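> fold the following for me, if possible:
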Amino acid sequence: MRRLRRIKILATLGPASSDSAMIRKLFEAGADVFRINMSHTPHDKMRELVKTIRNVESSYGRPIGILVDLQGPKLRLGSFANGPIQLNNGSSFVLDSIKEPGDETRVYLPHPEILAALKVGDALLLDDGKVRLICEETVGDRAVTRVVIGGKMSDRKGVSLPDTDLPMSAMTNKDRADLEAACETGIDWVALSFVQRAEDVVEAKRMIRGRAAVMAKIEKPQAIDRLQDILDVSDALMVARGDLGVEMPLERVPSLQKQMTRMARRAGKPVVVATQMLESMISSPVPTRAEVSDVERDVTYRTGVTAQRPDPEATAGDAIAGAARQIAETLDLSAIICWTSSGSTALRVARERPKVPVVAITPSISTGRKLSAVWGVHCVVAEDAKDQDDMVERAGRIAFRDGFAKSGQRVIIVAGVPLGTPGATNMVRIAYVGPSDAEM
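Residues are numbered from 1 along each chain as shown. From the prediction side, this is the model:
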């Protein structure tokens, strides 16, 4: 199951893609990580999906990552007494805490934290940005707004606040229950929605207690302002382009996407680009021109990757990872083989974006599953090496078996000594793939 690409594919499971046969087809077609959206998935169904994915994983003998995406706070209006209303440009519209159906002049907003945090001049976006309001006055538990962009409004439509820093957690009670159930089931990644600040990620990590890695979804303008702090405490980022495009000018999203992917690379952490990736496949046999720019092959790709290569951190592990990449490319070696228990060695090498393939060998199935989201890393779960000779011999055998090297070719091996010591990347060795590797 060697992939002939470096970018990983994260596939969301839904009603049409939740049985074993379809998950198997998706994995064979290229999915590396499966996403379970907890907005629509009860706990029993989540457990069933995890069990099915694990069964598929065991039949192929290759780690598969599972990401649970928490719903996050859903901010919504109340209802309207006589059905949908029309909000006209320039009219006044009040959001208040009166628990009665609304009309053309007011509506109940069941979120006192919003009414408390709103400031004059703040924008409110309703129904995915179709209607735009500007706050003109706040009095206690009511806000008077002016309609800037009008439109039809109906019950329970969503509310977004691009200018307002809400003093609320990124997790609701539902999210906390979903998170605990997911961690008990043994998933690998948790995508945290509605992240505004680093403290949101820290709160989730306290609950997780090392049982999964945290991917912070960047979908709020407030998160953009604190991006480095959020990245520092997260294990990965997700660029939620659709939600970002609702709460800030669309023309800013492409440059922010590039900024986030480069920041994540410098930090040696995975980054997922999400939302409307080849959306037209639902209804069209060909992609739009804009979509092609997301996925097309580009002859200048390697030049860009090299130009953006960050300087190694001042650690032995990062220096060795950088040296391994340079040696592999200078000597035209077949692959970089990383022995890793925690995954840090493979992350360091992937950060270098080498031309040659990266193979991570780990004794930990949990590490292997997390590495399924990492650029360019082909992960193999195997018993830990007994000593350096065993490490070199088995690295050659695995490289040959999985199609990364032929007999007589050379690979470079990166590891930490003593073996099995997490984070202690301190050894590089060049080795031939010999006849005995080809005979296994």
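> which strands and helices sit next to the helix or strand hosting residue 107?
Assigned by DSSP states H and E, residue 107 falls within strand 106-108. With contacts taken as 3 or more Cβ pairs under 8 Å, 6 or more residues apart in numbering; DSSP states H and E, strand 106-108 sits against strand 92-96. Glycine gets a C-beta too; all of them are placed from N, C-alpha and C.
> ok, the strand holding residue 107: who's next to it in the sheet?
strand 92-96 (parallel) (DSSP bridges).
> tell me the mean pLDDT for the partner strand?
For strand 92-96, the mean pLDDT works out to 97.
> ok, now stretch 15-22?
In this model, stretch 15-22 has a mean pLDDT of 95.
> quick one: distance of it to the chain centre.
Taking Cα atoms, centre = their mean, to the nearest Å, one finds the center of stretch 15-22 at 22 Å from the center of the full chain.
> cool, and stretch 262-281?
Remark: stretch 262-281 is offset 7 Å from the chain centroid, using Cα atoms, centre = their mean.
> go on, stretch 105-121?
Remark: stretch 105-121 is offset 31 Å from the chain centroid, using Cα atoms, centre = their mean.
> list the buried residues for that stretch?
Using 16 or more other Cβ atoms under 10 Å as the test for burial, stretch 105-121 gives 106, 107, 108, 109, 111, 114, 115, 117, 118.
> please apply the same query to stretch 120-129.
Of the residues in stretch 120-129, 122, 123, 124, 125, 126, 127, 129 count as buried by neighbour count, 16+ other Cβ under 10 Å.
> tell me the one of these nearest residue 136?
The shortest approach to residue 136 among those belongs to residue 122, at 9.9 Å (Cβ to Cβ).
> what about residue 272, which helix or strand?
strand 271-274.
> show me what that strand is packed up against.
strand 236-240, helix 241-247, helix 253-267.
> would you turn the ones you listed into JSON lines with distance to residue 408?
Converted to JSON lines, the helices and strands packed on strand 271-274 look like this (distance: least, Cβ to Cβ, whole Å):
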{"stretch": "strand 236-240", "distance to residue 408": "38"}
{"stretch": "helix 241-247", "distance to residue 408": "46"}
{"stretch": "helix 253-267", "distance to residue 408": "34"}
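> most tightly packed of the ones you listed?
Highest mean neighbour count among these (mean count of other Cβ atoms under 10 Å): strand 236-240, with a mean of 24.
> what's the angle from that one to helix 253-267?
Strand 236-240 runs at 170 degrees relative to helix 253-267, counting by axes from the mean of the first three to the mean of the last three Cα atoms, to 10 degrees.
> neighbouring contacts of strand 236-240?
Identification of contacts with strand 236-240 by Cβ atoms under 8 Å, 6 or more residues apart in numbering yields 189, 191, 213-219, 230-231, 256-257, 260-261, 263-264, 269-275, 373.
> check the offset of it from the chain's centre.
The chain centroid and the centroid of strand 236-240 are separated by 4 Å under Cα atoms, centre = their mean.
> go on, stretch 93-102?
Centroid separation for stretch 93-102 versus its chain: 37 Å, with Cα atoms, centre = their mean.
> name the residues of that stretch that come out as buried.
For stretch 93-102, by 16+ other Cβ under 10 Å, it's 93, 94, 95, 96, 102.
> name the nearest of the buried residues of stretch 105-121 relative to residue 304.
Among the buried residues of stretch 105-121, residue 117 lies closest to residue 304 (Cβ to Cβ), at 40.9 Å.
> surely the closest one meets residue 165?
Yes - using Cβ atoms under 8 Å, residue 117 is in contact with residue 165, at 6.8 Å.
> which parts of the stretch 251-400 of the chain are strands?
271-274, 336-339, 358-362, 377-381 (DSSP state E, counting those that start in this stretch).
> just send those back as TSV, with mean pLDDT and mean neighbour count too.
Formatted as TSV, those follow (pLDDT from 0 to 100; neighbours: other Cβ atoms under 10 Å):
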stretch	mean pLDDT	mean neighbour count
strand 271-274	94	19
strand 336-339	96	30
strand 358-362	97	27
strand 377-381	96	23
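> tabulate those strands (CSV), appending distance to residue 4.
As requested, the strands of the stretch 251-400 of the chain are exported to CSV (distance: least, Cβ to Cβ, whole Å):
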stretch, distance to residue 4
strand 271-274, 20
strand 336-339, 17
strand 358-362, 14
strand 377-381, 11
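> just so I know, which of those lies nearest residue 327?
strand 336-339 (8.9 Å).
> what lines up beside that closest one in the sheet?
By DSSP bridges, strand 336-339 pairs with strand 358-362 (parallel), strand 410-416 (parallel).
> got the CA coordinates for that strand in PDB?
Output of strand 336-339 as PDB, limited to C-alpha atoms (Å, rounded to 0.1, in the frame of the first residue of the first chain):
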ATOM      1  CA  ILE A 336      15.400   8.000   4.500                       C
ATOM      2  CA  ILE A 337      14.500   5.300   7.100                       C
ATOM      3  CA  CYS A 338      13.500   6.700  10.600                       C
ATOM      4  CA  TRP A 339      13.300   4.500  13.600                       C
END
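> can you list contacts of that strand?
If you take Cβ under 8 Å, 6+ apart as the criterion, strand 336-339 is touched by 324-325, 328, 345-346, 349, 354, 356-362, 377, 384-385, 391, 395, 398-399, 411-416, 419.
> which among those end up buried?
By neighbour count, with 16+ other Cβ under 10 Å, those hold 324-325, 328, 345-346, 349, 354, 356-362, 377, 385, 391, 395, 398-399, 411-416, 419 as buried.
> residue 191 belongs to a strand, doesn't it?
Yes - under DSSP: H, G, I helix; E, B strand; the rest coil, residue 191 falls within a strand.
> give the contact list for the nearest residue to it once chain neighbours are set aside.
Spatial nearest neighbour of residue 191, chain neighbours left out: residue 69 (4.1 Å); criterion: Cβ to Cβ, 6 or more residues apart in numbering. Neighbouring residues of residue 69 by Cβ under 8 Å, 6+ apart: 35, 36, 37, 38, 39, 191, 193, 217.
> quick one: the strands in the stretch 101-250 of the chain?
Per DSSP E, counting those that start in this stretch, the stretch 101-250 of the chain carries strands over the ranges 106-108, 123-126, 131-139, 142-149, 151-153, 159-160, 189-192, 213-218, 236-240.
> can you put these in TSV and add mean pLDDT and distance to residue 173?
Below are the strands of the stretch 101-250 of the chain laid out as TSV (pLDDT from 0 to 100; distance: least, Cβ to Cβ, whole Å):
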stretch	mean pLDDT	distance to residue 173
strand 106-108	97	21
strand 123-126	96	25
strand 131-139	96	27
strand 142-149	97	25
strand 151-153	97	28
strand 159-160	95	19
strand 189-192	98	15
strand 213-218	98	19
strand 236-240	97	22
